[in-house]
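> My questions concern the predicted model and sequence given below.
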Amino acid sequence: MRVLLATYGTRGDVGPLAVLALRLRTLGVDVRLCVPPDEEFVDRLAGLGLPAVPVGPPIRALTSGSAPPSAATLARYRSALLDAQFDRLPAAAADCDALLAVGLAQVGARSVAEAAGIPYVYATWAAVNLPSPHHAPPPRPGWPEPEPADHATLWARDADQVNTQFGAALNTHRAALGLAPVSDVRDHVHTDRPWLAADPTLGPWPGGAGPDVVQTGAWTRPDRRPLPADVTAFLDDGDPPVYVGFGSARPAPGVADRAVEAVRAEGRRVLVSRGWADLDPAGCFVVGDVNHERLFARVAAVVHHGGAGTVLTAARAGVPQIAVPMPVGDNPYWAGRVAALRLGAAIDGPAATVRALRAAVASALTAGTRARAAALSARVRTDGALVAAARLRDLVSAG
């Protein structure tokens, strides 16, 4: 039995998929992964003994500019990715018994599975990515922001935008495979029974109208790596610092420096994660790729971009959070969940002044916030990857 797992995204997308792959192997299921061709992803998977097929253009190059890519650039990028999927996925899926794809960027994956005659599963990291009367669609980079409207209208406009970007090209590829055209690309990708790989305490599916969602829990596994000696020495040399890091995201100009200034104004030490933005504020202790589970257990609070993985890791560590997301993707959703669960504060990235950040840090460092974060940590599940792996294995066995 072999399963193809496919995603296209940053470390927050590739990492959980690797965890699912490792869980599948413990159940006797062979795996193959399709991921972006960035060297760090392919090398990391190789180090885990996971075979990877690079698909699409490098993603880090898209995020490395000083300004966000233009709408035209993103449109060309999405078109190139769709073509690459139909070029690479069929061979990758040739001897597989199922295909699981994560994220709307995997527009071609269901068609490839359909042509191969194998089951297809769609998964996402956040409830906000699936249509529901309880929330609006997430902001999608490069597409026009819709005028304010009710949720149903916004989701209908979102479907129109997806069709405009992908509809004609997808159906051309499908015709070449002898497949019938689809009229609603987004719902075609999602299926009517998508999986939600998010912790039900942190990011529950709201229920009601919408797809029949299967919530597996988040796909994680314990990180056993020790912290580097210099990091441990810094942590031991004073009060717990406040972590400032934005992962694979590029924060609004000046936000990282303002966050550092705000933390210091509250009399706290700062530890900065370099991340893909290559942050290196003057006079700060800066770390690279380290074990966040161990690190977050030793900091006073975590200032971050609202990534699903960072929110989860901080929640499991029981540490207060300050989410400073850019208005794109599911980061604003996760920032909202931090605020709704009273685990800290959320500030819109472009509007994050030193004053606002200092107030957020002060609020996060109160005894009440620390107590709520610690109490919630015990409710966060750790079996999501095992649940998903078992469901996927059973799906293939039943077929």
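Thanks, I have it. Residues are numbered from 1 along each chain as shown.
> Which strand or helix spans residue 24?
Assigned by DSSP states H and E, residue 24 falls within helix 11-26.
> Helix or strand next in line after that helix, which one?
Downstream of helix 11-26, the first helix or strand assigned by DSSP H and E is strand 30-35.
> Can I get that following strand as CSV, trimmed to CA atoms?
Taking Å, rounded to 0.1, in the frame of the first residue of the first chain, the C-alpha atoms of strand 30-35 are listed here in CSV:
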residue,chain,number,x,y,z
ASP,A,30,4.6,3.4,2.0
VAL,A,31,4.5,7.1,1.2
ARG,A,32,5.7,9.5,-1.4
LEU,A,33,5.5,13.3,-1.1
CYS,A,34,5.2,16.1,-3.6
VAL,A,35,6.5,19.4,-2.3
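> Mind listing what's buried along it?
Buried residues in strand 30-35, defined by neighbour count with 16 or more other Cβ atoms under 10 Å: 31-35. Where you see a C-beta, it was placed from the backbone N, CA and C, and this is true even at glycine.
> Could you do stretch 148-157 as well?
Across stretch 148-157, burial judged by 16+ other Cβ under 10 Å covers 154-155, 157.
> Just the closest of the residues you listed to residue 267, please.
Nearest to residue 267 among these is residue 154, at 43.2 Å by Cβ to Cβ.
> doesn't residue 139 make contact with the closest one?
No. With contact defined as Cβ atoms under 8 Å, residue 154 does not reach residue 139; the gap is 10.7 Å.
> Next, the angle from the helix holding residue 24 to strand 30-35.
170 degrees (axes from the mean of the first three to the mean of the last three Cα atoms, to 10 degrees).
> what packs against helix 11-26?
For helix 11-26, the elements it packs on are strand 2-7, strand 30-35, helix 39-47, strand 98-102, helix 308-317, helix 384-398, judged by 3 or more Cβ pairs under 8 Å, 6 or more residues apart in numbering; DSSP states H and E.
> want to try JSON lines for those, with distance to residue 367 and mean pLDDT as columns?
Formatted as JSON lines, those follow (distance: least, Cβ to Cβ, whole Å; pLDDT from 0 to 100):
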{"stretch": "strand 2-7", "distance to residue 367": "40", "mean pLDDT": "98"}
{"stretch": "strand 30-35", "distance to residue 367": "43", "mean pLDDT": "97"}
{"stretch": "helix 39-47", "distance to residue 367": "39", "mean pLDDT": "93"}
{"stretch": "strand 98-102", "distance to residue 367": "38", "mean pLDDT": "98"}
{"stretch": "helix 308-317", "distance to residue 367": "17", "mean pLDDT": "97"}
{"stretch": "helix 384-398", "distance to residue 367": "31", "mean pLDDT": "95"}
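> Export the ones you listed as TSV, with columns for distance to residue 188.
Listed next are these as TSV, based on distance: least, Cβ to Cβ, whole Å:
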stretch	distance to residue 188
strand 2-7	16
strand 30-35	19
helix 39-47	27
strand 98-102	12
helix 308-317	24
helix 384-398	19
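> in the chain, which spans are strands?
2-7, 30-35, 52-54, 98-102, 120-124, 195-196, 214-215, 242-244, 270-273, 285-287, 301-304, 321-323, 344-346 (DSSP state E).
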